[in-house]
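Novice: Whatever this is, show me its structure:
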Amino acid sequence: MYLTMNRFKVKPGQEAAFEAVWKSRDSQLPQVPGFVSFHLMKGAVTEDYTLYASHTLWDSEAAFTDWTKSEAFRMAHKGAGGHGDIYAGRPELEVFASVQHIAAG
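Specialist: Here you go, the predicted structure:
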C-alpha cells in the first residue's frame with residue numbers, strides 16, 4: 001500500500017469554504033486503477049489556522065504516479081489555484097510506503 005497525504009492550513013473562518021471546495025470536486029478517483037480510498041480529515045484548530053489532511057490510499061506507488069500523469073488528475077485539480085485566499089500557507093505533500101498492515105477481523 002501507498003499513502004499520500006496533503007496537509008492544509010486553512011485561515012480562520014474559511015473552513016466551510018475549504019470543505020465546500022473539496023465536497024464539490026469531481027474527484028474521478030473511484031475509476032482510477034489502483035485507487036483504494038480517500039479521506040478528508042479535520043484536525044487541530046489554532047489561532048492562526050485549522051489543520052486539514054487529505055489521505056489517499058493506493059495499491060502501489062506506481063498507481064499513484066500513473067494517476068498524477070492522467071487526465072483524471074488534471075480534471076480533479078482544475079481550478080485548484082483559484083482558492084489561495086483560504087489557505088494560511090502552501091499545502092504540504094507527504095508520501096508513505098507501507099511496512100506493516102494489520103486489519104480488523
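Novice: which strand of this structure spans the most residues?
Specialist: strand 35-45 (DSSP state E).
Novice: Buried residues of that one, list them for me.
Specialist: Buried residues in strand 35-45, counted by 16 or more other Cβ atoms under 10 Å: 35, 40. Any C-beta I mention is one placed from the backbone N, CA and C, and that applies to glycine too.
Novice: same for it, what does it pack against?
Specialist: helix 15-23, strand 50-58 (3 or more Cβ pairs under 8 Å, 6 or more residues apart in numbering; DSSP states H and E).
Novice: Relative to that strand, what are the paired strands and their orientations?
Specialist: strand 50-58 (antiparallel) (DSSP bridges).
Novice: between the strand it pairs with and helix 15-23, what angle do the directions make?
Specialist: Using axes from the mean of the first three to the mean of the last three Cα atoms, to 10 degrees, the inter-axis angle of strand 50-58 relative to helix 15-23 is 10 degrees.
Novice: Would you mind listing the outside residues contacting strand 50-58?
Specialist: 1-10, 12, 15, 18, 22, 29, 34-45, 64, 67 (Cβ atoms under 8 Å, 6 or more residues apart in numbering).
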